[in-house]
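**Student:** Everything below, folded, please.
(4 chains)
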2 protein chains.
Amino acid sequence: MDTKSLIITIATTLFQQKGYIGVGLNEILKECNISKGSLYHHFPNGKEELLIACLQSLKETITTDIVEIFGRYQNTKKATNAMIEKIIHNLETEGTLTGYTFSSIVSEMALLSDAVRNACAELYQEIENIYVNKLTADGYSKENARSIALLMTASIEGGMMLCLTQKTSEPLKIISKTIPNIFDDNVNVVNL
Amino acid sequence: MDTKSLIITIATTLFQQKGYIGVGLNEILKECNISKGSLYHHFPNGKEELLIACLQSLKETITTDIVEIFGRYQNTKKATNAMIEKIIHNLETEGTLTGYTFSSIVSEMALLSDAVRNACAELYQEIENIYVNKLTADGYSKENARSIALLMTASIEGGMMLCLTQKTSEPLKIISKTIPNIFDDNVNVVNL
DNA sequence: GTCTATAGGACGATAGAC
DNA sequence: GTCTATCGTCCTATAGAC
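**Tutor:** The predicted structure follows:
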């Protein structure tokens, strides 16, 4: 792998786990086994430019991954359960925030950098769109599909937070079991 | 107000908005108009001790507030809508993370400090317990109440995240409208 | 109980050799 | 394209006067 890709790969994981401010350039350099001069050659505008490159890379990875899972299952309910299953598996093997989550970056940077905030917004939007497409294929109206997709995104993101504090994957497991209740028999009762 | 309370009050808000690492002691001191010696007199173990004091204070504030709201409304649905309404109001007037959220602290510190992680876990638990009590009063079984309360906590926390990225309160508004669908006609279908 | 001054280290970023 | 050396700033924390 070329140096630039290596930096992005390693930095992405670190940023997901520890947030943007929580990861120093030195830590990234050490894990990559490169030096400061090399990093600034590939990212002349420094750390924030690197972060945005990581978010773009993350967008590719996440959407490819979720599209693949959602293509493999008949309906949104089964696909969602499979997806959360995968997140839980990651969480239990790595013991930390990875996969489809980047809440640490959002909560730190949303107020500090519009460029980063927009990149994160775009990433959430891409994920939600995949849900919306599957839900409309299931027969939901566009409006209801959007509401449900948003609730899915929010509860998975929040569920990761709860898993982190509890050091268990229980919260996501319960969410995986509870979320389908929004789908069932509620095709027409969204937006009361 | 005595100095110690002043420090806690101001630091709590700053930590909620910018996270733990994102706020320097100097910024806290400046807003309090006090000096470093004074802060270290009240919190001899430094910044992390202050953070934990802030989380304890936050627990008081949040639970008092939510208990009050949940006491004012007949059922969980109405109480939840009123609560989210209040969060949205805060969000729109302050334009930043405050109120019942502390996701920035969780995502930054959960892996770094067990003391902080436990304080956050306790805080989430307190909030969930209020929901659980109201839900069982509504007639839900203990187990279903727990599942729904967890989904509520997660989706509100995740919804704040989406509001931050989009600079709108739309996500929380939609969540407020969509969440009640989990309650309706689903008393017995949780945990499929 | 509050102040000033300062220690000692980590940070992001730059300069210039090779 | 990668390296080392270094700058200037910020950080948490401490020491000691009042």
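**Student:** Work out the gap between stretch A:38-54 and the centre of the chain.
**Tutor:** 21 Å (CA atoms, centre = their mean, to the nearest Å).
**Student:** Establish whether it and DNA strand D are in contact.
**Tutor:** Yes. For stretch A:38-54 and DNA strand D, the contact criterion (CB under 7 Å from any atom of the strand) is met by A:Ser38, A:Tyr40, A:His41, A:His42. Where you see a C-beta, it was placed from the backbone N, CA and C, and this is true even at glycine.
**Student:** Check which residues of that stretch are buried.
**Tutor:** Across stretch A:38-54, burial judged by 16 or more other CB atoms under 10 Å in any protein chain shown covers A:Ser38, A:Leu39, A:His42, A:Phe43, A:Lys47, A:Leu50, A:Leu51, A:Ile52, A:Ala53, A:Cys54.
**Student:** residue furthest from the geometric center of chain A?
**Tutor:** A:Gly37 (30.5 Å; CA atoms, centre = their mean).
**Student:** low-scoring stretches of chain A, by residue?
**Tutor:** Applying pLDDT under 70 to chain A flags residues A:184-192.
**Student:** who touches the residue nearest to A:Leu135 when sequence neighbours are not counted in this structure?
**Tutor:** Nearest non-adjacent residue to A:Leu135, counting by CB to CB, 6 or more residues apart in numbering or on different chains: A:Ala145, 3.7 Å away. Neighbour list for A:Ala145: A:Tyr131, A:Val132, A:Leu135, A:Thr136 [criterion: CB atoms under 8 Å, 6 or more residues apart in numbering or on different chains].
**Student:** Ranking by neighbours, what's the top pick from those residues?
**Tutor:** Across the contacts of A:Ala145, neighbour numbers were computed from other CB atoms under 10 Å in any protein chain shown; A:Leu135 holds the maximum, 25 neighbours.
**Student:** Contact partners for that one?
**Tutor:** A:Thr76, A:Asn144, A:Ala145, A:Ile148, A:Ala149.
**Student:** thinking again about what came up before, in helices, which of the buried residues of stretch A:38-54 appear?
**Tutor:** A:Ser38, A:Leu39, A:His42, A:Lys47, A:Leu50, A:Leu51, A:Ile52, A:Ala53, A:Cys54 (DSSP state H).
**Student:** Thought A:Leu6 was touching the third one, still the case?
**Tutor:** No. Between A:His42 and A:Leu6 no contact is recorded; they are 9.8 Å apart, counting by CB atoms under 8 Å.
**Student:** can you give me the helices for chain A?
**Tutor:** Under DSSP H, chain A gives helices at A:3-18, A:25-32, A:36-42, A:47-72, A:76-94, A:103-109, A:114-138, A:142-166, A:170-178, A:180-183.
**Student:** Mean neighbour count, those helices: which tops it?
**Tutor:** helix A:103-109 (a mean of 27; mean count of other CB atoms under 10 Å in any protein chain shown).
**Student:** That one near chain B anywhere?
**Tutor:** Yes. Helix A:103-109 reaches chain B (CB under 8 Å from any CB of the partner chain) through A:Ser103, A:Ser104, A:Val106, A:Ser107, A:Glu108.
**Student:** circling back to that earlier point, filter the residues of stretch A:38-54 next to DNA strand D down to the ones near DNA strand C?
**Tutor:** A:Tyr40.
**Student:** Distance to B:Gly158 added to the residues of stretch A:38-54 next to DNA strand D, as CSV?
**Tutor:** Shown next, in CSV, are these (distance: CB to CB, whole Å):
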residue, distance to B:Gly158
A:Ser38, 37
A:Tyr40, 36
A:His41, 38
A:His42, 33
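**Student:** will you turn the helices of chain A into CSV that also has distance to B:Ile179?
**Tutor:** Below are the helices of chain A laid out as CSV (distance: least, CB to CB, whole Å):
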stretch, distance to B:Ile179
helix A:3-18, 28
helix A:25-32, 40
helix A:36-42, 44
helix A:47-72, 23
helix A:76-94, 17
helix A:103-109, 20
helix A:114-138, 17
helix A:142-166, 7
helix A:170-178, 11
helix A:180-183, 9
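**Student:** out of those helices, nearest to B:Ile87?
**Tutor:** helix A:142-166 (12.8 Å; CB to CB).
**Student:** Against chain B, how distant is the closest residue to A:Cys54 other than its chain neighbours?
**Tutor:** Nearest non-adjacent residue to A:Cys54, counting by CB to CB, 6+ apart: A:Thr12, 4.2 Å away. According to CB to the nearest CB, to the nearest Å, A:Thr12 and chain B sit 16 Å apart.
**Student:** for DNA strand D, what are the nearby residues on chain A?
**Tutor:** A:Thr3, A:Asn33, A:Ile34, A:Ser35, A:Lys36, A:Gly37, A:Ser38, A:Tyr40, A:His41, A:His42.
**Student:** My guess is the fifth one contacts A:Lys30. True?
**Tutor:** Right, the one you point to is A:Lys36. No. In this structure, A:Lys36 is not within contact of A:Lys30 by CB under 8 Å, at 11.0 Å.
**Student:** Which single one of the residues of helix A:103-109 next to chain B is nearest to B:Ala82?
**Tutor:** A:Ser107 (25.1 Å).
**Student:** For the closest one, which residues are in contact?
**Tutor:** Contacts of A:Ser107 by CB under 8 Å, 6+ apart are A:Gly19, B:Gly19, B:Leu97, B:Ser103, B:Ser104, B:Ser107, B:Glu108, B:Met161, B:Leu164.
**Student:** again, but for A:Ile127
**Tutor:** A:Ile62, A:Thr63, A:Ile66, A:Tyr100, A:Thr153.
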